[in-house]
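Trainee: Pasting the sequence and the predicted model now:
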Amino acid sequence: MTTAEVQAAPVKASPFNEETVLWVKHWTDRLFSFAITRPASFRFRSGEFVMIGLPGEDGAKPVMRAYSIASPGFAEELEFLSIKVQDGPLTSRLQHIQPGDTVLMGKKPTGTLVLDAVKPGKRLFLIGTGTGLAPFLSVARDPDAYARFGQVIVGHCVREVAELAYRDLFTAEIFEDPLVGDEAKSQLVYYPTVTREPFERQGRFTDLINSGQLFRDLGLEGARFNREDDRIMLCGSMDFIKDMAALIESHGLVEGSNAEPGDYVLERAFVG
Ligand code: A2P
């Protein structure tokens, strides 16, 4: 091949950035968090997701899955919360990453769990099950959430107490955060619930809403969401978002999107 031919050959840009793992934290044998470097050109809005993955084995194409970014939009590193599935195509391998390893990341973040997709209101409910907490770790660490809403309620429902990842963040660390600490002290409510072992609060969100307990616990009048004041973001399993969306709609709230902000928005948490 001549030099001219080499220069004329099309340069195939990789659709993925190669990022370095900064730290890994294992919560349980089913759940872990990790952080990777953030490319200088990478912009995202708090609550968005991006494709994360690893190169395929033996030259196969990369294995990529959608992951909510758990860090807020201005953070220097990108943090993720992941399930571990022993025979999962990605997480069977991803769960073994170590600091210094390379992880692939898509170039275009996107998603609907963003402040711009909900209308202004008084209260912002961020309700997730399992790894569905991830986008709300981002939104609840963003000063914009506290500027737009008087109260930010982070609801997390898990099967076992050990799966209440980031409990220390929401019960202590966030209050020391230089950007949102003061706002969090007066505006943030952390509302964890466990379904399969004893805990200070038990039961699914659907039941806590139907019984009125959620509203009583928050000192709210009336046992329903209120379309004037309440905005809701949901992230979790398919069943969870389906049942919650039906319940929320029965209270008169309307789903929103980036194109048309509404009263609530939802996204399925990554599984597998
Ligand atoms: P439960 O233990 O009663 O099934 P999973 O790990 O299956 O994604 O579940 C995470 C949490 O979400 C569990 O506490 C589970 O409660 C709860 N959950 C699962 N499905 C629903 C649903 N359809 N509505 C409300 N909560 C749900």
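Mentor: Yes, it's here.
Trainee: which SS class is the residue nearest the centre of the chain?
Mentor: Nearest to the mean C-alpha position of the chain, by CA atoms, centre = their mean, lies residue 135 at 1.8 Å. What DSSP: H, G, I helix; E, B strand; the rest coil gives for residue 135 is helix.
Trainee: Alpha carbons of the longest strand seen in the chain, as CSV, please.
Mentor: Longest strand in the chain by number of residues, with DSSP state E as the criterion: strand 16-28. C-alpha atoms of strand 16-28 as CSV (Å, rounded to 0.1, in the frame of the first residue of the first chain):
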residue,chain,number,x,y,z
PHE,A,16,-16.7,4.5,23.0
ASN,A,17,-14.3,6.3,25.3
GLU,A,18,-11.8,4.2,27.2
GLU,A,19,-11.8,5.3,30.8
THR,A,20,-9.8,4.3,33.8
VAL,A,21,-11.4,2.7,36.9
LEU,A,22,-10.7,4.9,40.0
TRP,A,23,-12.3,2.9,42.8
VAL,A,24,-14.6,0.0,43.4
LYS,A,25,-16.8,-0.5,46.5
HIS,A,26,-18.7,-3.8,47.1
TRP,A,27,-21.9,-3.4,49.1
THR,A,28,-23.1,-7.0,49.0
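Trainee: what angle do the next helix or strand along the chain from that strand and strand 16-28 make?
Mentor: Sequence-wise, the next helix or strand downstream of strand 16-28 (DSSP states H and E) is strand 31-37. Orientation of strand 31-37 against strand 16-28 (axes from the mean of the first three to the mean of the last three CA atoms, to 10 degrees) gives an angle of 150 degrees.
Trainee: quick check, strand 31-37 touching the ligand?
Mentor: No: with CB under 6 Å from any ligand atom as the criterion, the ligand is not reached by strand 31-37; the gap is at least 9.9 Å. Heads up, the C-betas are built off the backbone N, CA and C, glycines and all.
Trainee: mind checking how far that strand is from the chain centre?
Mentor: Taking CA atoms, centre = their mean, to the nearest Å, the mean C-alpha location of strand 31-37 is offset from the chain mean by 13 Å.
Trainee: Relative to that strand, what are the paired strands and their orientations?
Mentor: Strands that pair with strand 31-37, judged by DSSP bridges, come out as strand 16-28 (antiparallel), strand 77-83 (antiparallel).
Trainee: Tell me which other helices or strands the helix or strand following that strand touches.
Mentor: Next helix or strand after strand 31-37 toward the C-terminus (DSSP H and E): strand 49-54. Packing partners of strand 49-54 (3 or more CB pairs under 8 Å, 6 or more residues apart in numbering; DSSP states H and E): strand 63-68, helix 91-94, strand 102-106.
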